[in-house]
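Peer 1: Structure, please.
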Amino acid sequence: MEHLELLIPGLMISVAALSVLAGILDVPYPILLVVGGLALGFVPGVPDVKLDPDLVLALFLPPLLYSAAFFANLRDLRRDLRSISLLSVGLVLATTVTVALVAHALVPAMPWAAAFALGAVVSPTDPLAATTIARRVGAPRRFVNVIEGESLVNDGTALVAYRAAVAAAVGQGFSLLDASAAFVGGVAGGIAIGLVVGFLVAEVRRRLEDPPIEITISLFTGYAAFLPAEQLGLSGVLAAVTAGIYLGWLAPNISSPEMRMQGFAVWSTLIFLLNAVLFVLVGFQLPGIVDGLEGFSTGEVIGYAAAVCGAVIVTRIVWQFALTGIIRALDRRESQRARRAPAAQIFLVGWAGMRGAVSLAAALAIPLETDAGAPFPNRDLIVFLAFAVIFVTLVLQGLSLPWLIRRLGVRDDGEEEREELRARLAAARAALERLDELARADWTRDDTVERLRGMYDYRRRRFKARAGKIEDDGYEDRSQRYQRLVRELIAAQRVAVVSLRNEGGISNDVMHRIERELDLEETRLEEQPG
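Peer 2: Next comes the predicted model:
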């Protein structure tokens, strides 16, 4: 890749600047990155970026998939399995077919295989912007869970369809029977490899107590599952997802507190950078892609983009209402009737089908040439249309989603808050029970036990009052005052330590060590400063 020494710092500066601007404008960063990437691509002097298609999927997808699966909620996935399955398999295939029909009908001489490749590229959703917005405006947790759960599996479905379409386009032929067998075998094999990798990594990490090494292992776990599966012709997506779910479930038992804190910070930064760099890189490539559209007029390209974007959005909304009506007509069990979502929430799930990193990576991974050495048919147009879908769904749907959530009156049902309160209450009770047991031990002091018992008993009563189980006798107000006092004392300690470092009384290492302890103490406070 040419101009690498300029490209890397340019990427980092662009990502940082656009992200800061997103915070100032109070817009989810994927929306501004896709707009900024588009603008940056046409800045004079920007290097002509050519990414190796073979590296795009293998480089970006494994950590994105593994991270999303690691933090997935298994209970909620099981509870909404039917809805998630219909979206992640049925809707992906329906979108692929619909977009292929539209593209083949509108674009002169676009082969069916290339049209299906386009459909597969734009069929998987990216939950990042939608869930960020939903959490910010207080949407129901089930809405967030369905959007996140769908994205875990729909990548695998889309990539199977994508590979079949690309194989046909480059001259390797297509067989529905072979594609179906590849799908079933790829799913089963991918899950099996993910479980094996997850088991092996868990056994290694159980024996480690070195956060830097553990974090390094976690960073490469997605690749360790994805790459072997891909080499064997299986689903690398499901291998990475399965490994992530398996290790995410075991994480409390195989990770130390220090590892979890450091690892979460590293992963948050990595996922942010991967998403951001993808968007900006595509922006850098757009001038070359646009140059490849010389055979089409501006009006034609805009018309194709509008038609494909419309097909993607309308198909999802129609699918949501049609399938909901069919399911409700067939499944009249009382348990299912009680969980039926209102029409407004069904529409919002349909409207929240934004496209992102996976569609970008898949579009860029389309081969440059067929097996015969000819250019891949309409490759530049496919990449441009994929970017158009990402742009429209992120900007149009992303910016309008908060307004729609408020306008339709879809509100958080308070389930997550109730569960958090239940967990805090259970933890306080467990601490009190353990204190009673330890009070009889020779090494404990009565005054220390009583001091801790008073603290946890107060905490238990405060949580009970918050849950409405007992009358609130000012517990919450006193707790907030106490935590404010503790925060003031921590701030004073921090100033004293930094001043001592500035005066040369302690080294920078000592300052950072004590500063970290103070930071950890502050993060334990439940009430955050306003």
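Peer 1: Give me the buried positions along stretch 125-145.
Peer 2: For stretch 125-145, the neighbour count (16 or more other CB atoms under 10 Å) marks 125-134, 137, 139-145 as buried. Yep, even glycine has a C-beta here, placed from its N, CA and C like the rest.
Peer 1: for that stretch, what is the average pLDDT?
Peer 2: For stretch 125-145, the mean pLDDT works out to 76.
Peer 1: Please save the CA atoms from it in CSV.
Peer 2: C-alpha atoms of stretch 125-145 as CSV (Å, rounded to 0.1, in the frame of the first residue of the first chain):
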residue,chain,number,x,y,z
THR,A,125,-27.2,-5.3,9.9
ASP,A,126,-24.8,-3.5,12.3
PRO,A,127,-26.3,-2.8,15.7
LEU,A,128,-23.7,-0.2,16.9
ALA,A,129,-25.5,3.0,16.0
ALA,A,130,-29.0,1.7,16.7
THR,A,131,-28.3,0.3,20.1
THR,A,132,-26.3,3.4,21.1
ILE,A,133,-29.3,5.6,20.2
ALA,A,134,-31.8,3.2,21.8
ARG,A,135,-30.0,3.1,25.1
ARG,A,136,-29.5,6.9,25.2
VAL,A,137,-33.2,7.6,24.7
GLY,A,138,-34.4,4.8,27.0
ALA,A,139,-35.9,2.2,24.6
PRO,A,140,-37.1,-1.1,25.9
ARG,A,141,-34.3,-3.7,26.6
ARG,A,142,-36.0,-6.3,24.4
PHE,A,143,-35.7,-4.0,21.4
VAL,A,144,-32.0,-3.7,22.1
ASN,A,145,-31.6,-7.4,22.6
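Peer 1: So what touches that stretch?
Peer 2: Stretch 125-145 is contacted by residues 28, 30-31, 68, 73, 76-77, 80, 147-148, 150-151, 154, 275, 341, 345, 348-349, 352-359, 394, 398, 401-402, 405-406, 410-413, 415-416 when judged by CB atoms under 8 Å, 6 or more residues apart in numbering.
Peer 1: Show the contacting residues for the nearest residue to residue 35 once chain neighbours are set aside.
Peer 2: Spatial nearest neighbour of residue 35, chain neighbours left out: residue 395 (6.5 Å); criterion: CB to CB, 6 or more residues apart in numbering. Contacts for residue 395 (CB under 8 Å, 6+ apart) come out as 31, 34-35.
Peer 1: Which of the residues you listed ranks first by neighbour count?
Peer 2: residue 34 (28 neighbours; other CB atoms under 10 Å).
Peer 1: The one helix or strand that one maps to packs against which elements?
Peer 2: Secondary structure assignment for residue 34, by DSSP states H and E: helix 29-40. Contact here means 3 or more CB pairs under 8 Å, 6 or more residues apart in numbering; DSSP states H and E; on that basis helix 29-40 packs against helix 4-25, helix 128-137, helix 257-291, helix 379-392, helix 398-407.
Peer 1: most tightly surrounded among those helices?
Peer 2: Sort those by mean neighbour count, taking mean count of other CB atoms under 10 Å, and helix 379-392 sits at the top with a mean of 23.
Peer 1: what residues does that helix touch?
Peer 2: With CB under 8 Å, 6+ apart, helix 379-392 has contacts from 34-35, 38, 103, 107, 110, 114, 117-118, 121-122, 282, 285-286, 289-290, 292-293, 296, 301, 304-305, 308-309, 312-313, 354-356, 359-360, 362-364, 366-368.
Peer 1: From those, keep the buried residues only.
Peer 2: The neighbour count (16+ other CB under 10 Å) marks 34-35, 38, 103, 107, 110, 114, 117-118, 121-122, 282, 285-286, 289, 292-293, 296, 301, 304-305, 308-309, 312-313, 354-356, 359-360, 362-364, 366-367 as buried among these.
Peer 1: Out of these, list just those in helices.
Peer 2: Taking DSSP state H, the ones among those that sit in helices are 34-35, 38, 103, 114, 117-118, 121-122, 282, 285-286, 289, 301, 304-305, 308-309, 312-313, 359-360, 362-364.
Peer 1: Give the buried residues for the following helix or strand past the helix holding residue 34.
Peer 2: For helix 29-40, the following helix or strand on the C-terminal side (DSSP H and E) is helix 53-70. Neighbour-count burial for helix 53-70 flags 53, 56-70 (criterion: 16+ other CB under 10 Å).
Peer 1: which helices and strands does helix 53-70 pack with?
Peer 2: helix 141-169, helix 211-231, helix 236-254, helix 257-291, helix 357-364.
Peer 1: got a markdown table for those helices, with distance to residue 333 too?
Peer 2: Listed next are these as a markdown table, based on distance: least, CB to CB, whole Å:
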| stretch | distance to residue 333 |
| --- | --- |
| helix 141-169 | 18 |
| helix 211-231 | 37 |
| helix 236-254 | 28 |
| helix 257-291 | 39 |
| helix 357-364 | 35 |
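Peer 1: Of all the ones you listed, which one is nearest residue 188?
Peer 2: Distance to residue 188, taken as CB to CB, is lowest for helix 236-254 among the helices and strands packed on helix 53-70, at 9.0 Å.
Peer 1: excluding its backbone neighbours, what's nearest residue 363?
Peer 2: Leaving aside its chain neighbours, residue 363 sits nearest to residue 386 (3.8 Å; criterion: CB to CB, 6+ apart).
Peer 1: hmm, I was thinking of residue 36
Peer 2: Counting by CB to CB, 6+ apart, residue 18 is the residue found nearest to residue 36 once chain neighbours are left out, at 4.1 Å.
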